[in-house]
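Enquirer: Sequence and predicted model, in that order:
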Amino acid sequence: MWEFRRRHVYRATGAYAISAWFVVQIADVVLPALFAPDWVLSVLVVLAILGLPVAGLLAWAYDITPDGVVRTPPVDEDTLSPERPFQWNGRWIDYVIIVCLLAILAWLLMSRDPVVAPPPRAIPSIAVLPFSDLSPQRDSTYFSDGMAEAIMDSLARIPSLRVIARTSSFAYRHADADIREVARLLGAGTLVEGSVRRSGDQVRISARLVNGQTGHQLWSQTYDARLDDVFAVQDSISRSIAAVLEIQLGGKTIVERPTLDPVAYDLYLKGRALLRQEPTEDSTDQAITQFRLALDRDPAFGLAHAGLCTAHWQQYETTRQTRHVERALATCERARLQDAQRAETQIALGRLYLGRGQHEEALSAMQSALAIDAADSQAHLGMALVQEAIGQRPAAEEHFRRAIELDPAWWRNYSYLGGFYFAGGNFAAAAEQFRQAIRLEPDSARSHSNLGGALLYLSEFDAAAEAFRAAIDRQPSPTAFSNAGTSYFLAGRYEEAEVMYRVATELSPAEFRYQAFLADALRLQAGREAEADRHDLTTIDLARDRLEVNSADDEALAAMAHALARLGRTEQATRGLAGLEDREFLGGPAHRTVALTWLALGNPVAAKAHLNAAEQLGLPAMLLRADPRLAGLMTHQDPLNLLQETPSPH
């Protein structure tokens with residue numbers, strides 16, 4: 001032991017232990033701030049442990065003197081100190097201190113596990129709330145929404161971050177709930193809030209990050225920039241948020257610059273905001289104008305091409321005027337050529353193909369959209385609509401549910417799912433989905449009208465009439481007036497039904513269904529057969545127009561055959577029915593119309609078979625029996641007992 005003291009081994013190892021402990025503690029704090037991988041600290045700990053015996057060996061072999069580091073000289077046996085009995089003195093205090101320090105170092109080092117990696121952190125979640133428009137005229141809401149969504153899209157590019165969908169977080173634009181309650185409802189750990197003040201091409205953007213559990217502010221920043229610098233601001237905000245959440249980005253670009261022209265981007269944002277309103281002919285026309293102006297400034301602007309494609313097809317679905325179809329085809333093709341690797345482009349193409357009855361192409365487009373962005377709720381919604389159209393209902397329901405899971409606060413997701421249940425005959429489930437859509441968007445005329453339709457099929461006539469009135473009060477849509485007309489029609493009040501149907505035809509003159517309904521109401525009023533014939537002729541023309549756009553539309557073909565039969569054009573009606581008989585799948589409404597056609601052609605047996613098929617697909621027997629057009633069929637007796645009554649599953 002005396003030789004260990006002479007060579008200062010105890011002192012050197014103690015100093016090394018203290019130094020190593022300080023180094024490890026400092027590294028534990030500094031390395032995460034430098035975004036160093038976890039293995040760096042583990043390697044440092046292992047080196048500290050291995051260095052302890054090395055320090056002892058070096059202390060044994062060498063001394064540090066005024067002349068530098070020299071080898072420790074050996075000592076003669078005669079000069080060695082004689083062994084002395086144990087004495088408690090100051091040097092033993094040094095030994096105790098050294099032992100304690102070594103014990104502390106060993107405990108600290110052994111408490112770490114240099115081999116086992118630390119457990120992975122839960123993926124952080126974030127929701128970007130709509131930015132407030134603080135512009136003097138309050139006319140830049142579309143721009144502040146676009147800024148918030150751009151930040152949301154950039155954050156969504158980070159694999160280690162879960163971002164709540166746009167329409168879910170934007171549903172709380174006017175909410176008065178506490179920020180912590182909003183975070184809980186959205187399922188987000190953190191929230192991004194902000195404001196935009198715009199004056200000409202000068203923009204002031206403020207953003208802040210809030211802890212969703214405590215409501216405390218984690219980060220905030222204000223940026224003053226020109227309009228053409230907004231993408232740099234978006235990138236700065238996104239990177240700052242990622243840094244606060246301790247997410248490593250490296251040199252990865254997370255903000256896409258969709259166009260180099262800031263004015264084109266501003267015009268695109270205006271068009272997109274118009275498309276997200278309840279669709280009307282006027283609002284869609286305005287959106288088309290904005291997209292065209294954006295493309296005039298930047299013909300290579302892919303997002304504007306996709307927006308124009310969507311707008312033209314929406315205009316056709318709103319008006320049923322075939323002139324919009326060619327424009328939609330042309331713009332969607334340009335969008336495909338310009339940027340086919342964009343989810344928005346593939347979704348727009350898929351909806352166009354679906355509307356034209358090109359189911360294989362629609363399926364392929366939606367698959368491409370999901371391959372590009374599997375977390376895009378619109379892609380899942382589009383896929384659900386395609387699968388519903390081709391009869392893959394279980395898979396369609398899964399995609400409807402996935403769209404809601406990704407975007408739980410967008411009312412249209414529930415509206416589409418309600419329509420899916422309605423088409424399958426589950427009117428109670430449909431009514432619940434429509435009610436949820438109304439809770440999220442109380443001013444949606446479409447949702448109130450759809451709810452009225454579901455309640456009508458549930459025989460809740462008073463509640464249905466109230467829902468129809470609510471829809472008409474909010475927006476006098478053709479669907480609401482047509483549904484109200486149907487409730488009067490089934491009640492035998494044909495003159496009032498006629499009034500409702502006439503308004504529907506005035507609001508949507510190119511929709512063949514409303515013309516057919518009006519012909520029915522007129523034909524059941526004595527002496528008005530000639531007027532009914534004129535509307536049947538119009539039905540035939542409009543149904544042909546629809547079939548030119550979508551040859552797979554079974555309702556258009558059935559309506560045309562029915563009108564031809566009522567006009568006495570038996571041969572043409574029979575050819576139309578033959579085309580329907582070859583179809584692999586017909587919906588319940590088409591089966592009902594085919595039954596009406598066979599009844600008009602004098603074949604009640606064939607009519608009853610299609611009526612049974614309609615019941616199997618969910619059309620309630622009560623409504624079929626209440627339909628005055630089916631009175632002859634429903635009272636027809638089958639003397640040979642060839643037909644079996646099919647009880648309604650509802």
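Expert: Arrived safely.
Enquirer: Now the element after the helix or strand that contains residue 515, going C-ward?
Expert: Under the criterion of DSSP states H and E, residue 515 resides in helix 512-523. Helices and strands here follow DSSP H and E; after helix 512-523, the next one along the chain is helix 529-549.
Enquirer: Quick check: residue 352 touching residue 331?
Expert: No - applying C-beta atoms under 8 Å as the test, residue 352 and residue 331 come out as separate, 9.4 Å apart. C-beta here means a position set from N, CA and C on the backbone, and glycine is covered the same way.
Enquirer: now could you export just the CA positions of the host helix or strand of residue 428 as CSV?
Expert: Here residue 428 sits within helix 427-440, counting by DSSP H and E. Output of helix 427-440 as CSV, limited to C-alpha atoms (Å, rounded to 0.1, in the frame of the first residue of the first chain):
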residue,chain,number,x,y,z
PHE,A,427,-82.2,4.3,-42.6
ALA,A,428,-81.8,4.5,-38.8
ALA,A,429,-78.0,4.5,-39.1
ALA,A,430,-78.2,6.9,-42.0
ALA,A,431,-80.3,9.3,-39.9
GLU,A,432,-77.7,9.2,-37.1
GLN,A,433,-74.9,10.1,-39.4
PHE,A,434,-76.9,13.0,-40.9
ARG,A,435,-77.6,14.2,-37.4
GLN,A,436,-73.9,14.2,-36.6
ALA,A,437,-73.2,16.2,-39.8
ILE,A,438,-75.8,18.7,-38.6
ARG,A,439,-74.2,19.0,-35.2
LEU,A,440,-70.9,19.8,-36.9
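Enquirer: Pull out the buried residues from that helix.
Expert: 427, 429, 430, 431, 432, 433, 434, 435, 436, 437, 438, 440 (16 or more other C-beta atoms under 10 Å).
Enquirer: Would you mind identifying the next helix or strand past that helix?
Expert: Heading C-terminal from helix 427-440, the first helix or strand you meet, by DSSP H and E, is helix 445-457.
Enquirer: Just want the angle from that following helix to helix 427-440.
Expert: 150 degrees (axes from the mean of the first three to the mean of the last three C-alpha atoms, to 10 degrees).
Enquirer: what's the closest of the buried residues of helix 427-440 to residue 446?
Expert: Comparing these against residue 446 with C-beta to C-beta places residue 437 closest, at 8.3 Å.
Enquirer: any idea how far the closest one lies from residue 470?
Expert: Applying C-beta to C-beta, to the nearest Å, the value for residue 437 to residue 470 is 13 Å.
Enquirer: With pLDDT and distance to residue 465 as extra columns, can I get the buried residues of helix 427-440 in CSV?
Expert: Formatted as CSV, those follow (pLDDT from 0 to 100; distance: C-beta to C-beta, whole Å):
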residue, pLDDT, distance to residue 465
427, 91, 16
429, 95, 22
430, 95, 18
431, 96, 15
432, 96, 19
433, 96, 20
434, 96, 15
435, 96, 16
436, 94, 21
437, 93, 19
438, 93, 16
440, 87, 23
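Enquirer: ok, which pair from these is furthest apart?
Expert: 427 and 440, at 20.6 Å, using C-beta to C-beta across the buried residues of helix 427-440.
Enquirer: hang on, the earlier thing: for the helix holding residue 515, packing partners?
Expert: helix 478-490, helix 494-507, helix 529-549, helix 554-566 (3 or more C-beta pairs under 8 Å, 6 or more residues apart in numbering; DSSP states H and E).
Enquirer: let's go with 6 Å and repeat that
Expert: Helices and strands touching helix 512-523, by 3 or more C-beta pairs under 6 Å, 6 or more residues apart in numbering; DSSP states H and E, are helix 494-507, helix 529-549.
Enquirer: could you measure the residue nearest in space to the middle of the chain against residue 406, distance?
Expert: The centroid of the chain falls nearest to residue 377 when counting by C-alpha atoms, centre = their mean (2.7 Å). Distance, residue 377 to residue 406, using C-beta to C-beta: 4 Å.
Enquirer: any residues in contact with both of the two?
Expert: Taking C-beta atoms under 6 Å, 6 or more residues apart in numbering as the criterion, residue 377 and residue 406 both touch residue 165.
Enquirer: how about the nearest residue to residue 212, chain neighbours excluded?
Expert: Spatial nearest neighbour of residue 212, excluding adjacent residues (C-beta to C-beta, 6 or more residues apart in numbering): residue 183 at 2.9 Å.
Enquirer: Can you classify the one you found as helix, strand or coil?
Expert: Taken by DSSP: H, G, I helix; E, B strand; the rest coil, the conformation at residue 183 corresponds to helix.
Enquirer: Isn't it up against residue 211?
Expert: No - the pair residue 183 / residue 211 is not scored as a contact, 8.4 Å apart, by C-beta atoms under 6 Å.
Enquirer: Need phi/psi at residue 191.
Expert: Dihedral pair for residue 191: phi -130, psi 140, per degrees, to the nearest 10.
Enquirer: you'd agree it is up against residue 127?
Expert: Yes - in this structure residue 191 lies within contact range of residue 127 using C-beta under 6 Å: 5.4 Å.
Enquirer: where in the protein is pLDDT low?
Expert: 1-15, 18, 21-22, 29-39, 52, 55-123, 166-177, 246-255, 584, 632-650 (pLDDT under 70).
Enquirer: Domain ranges for it, per the record?
Expert: For the chain, automatic domain parsing gives the domain ranges 2-111, 125-257, 260-339, 476-538, 559-634.
Enquirer: Pull out the buried residues from the helix or strand containing residue 383.
Expert: Assigned by DSSP H and E, residue 383 belongs to helix 377-389. Neighbour-count burial for helix 377-389, counted by 16+ other C-beta under 10 Å, picks out 377-389.
Enquirer: what's the answer for stretch 476-493, then?
Expert: 477-490.
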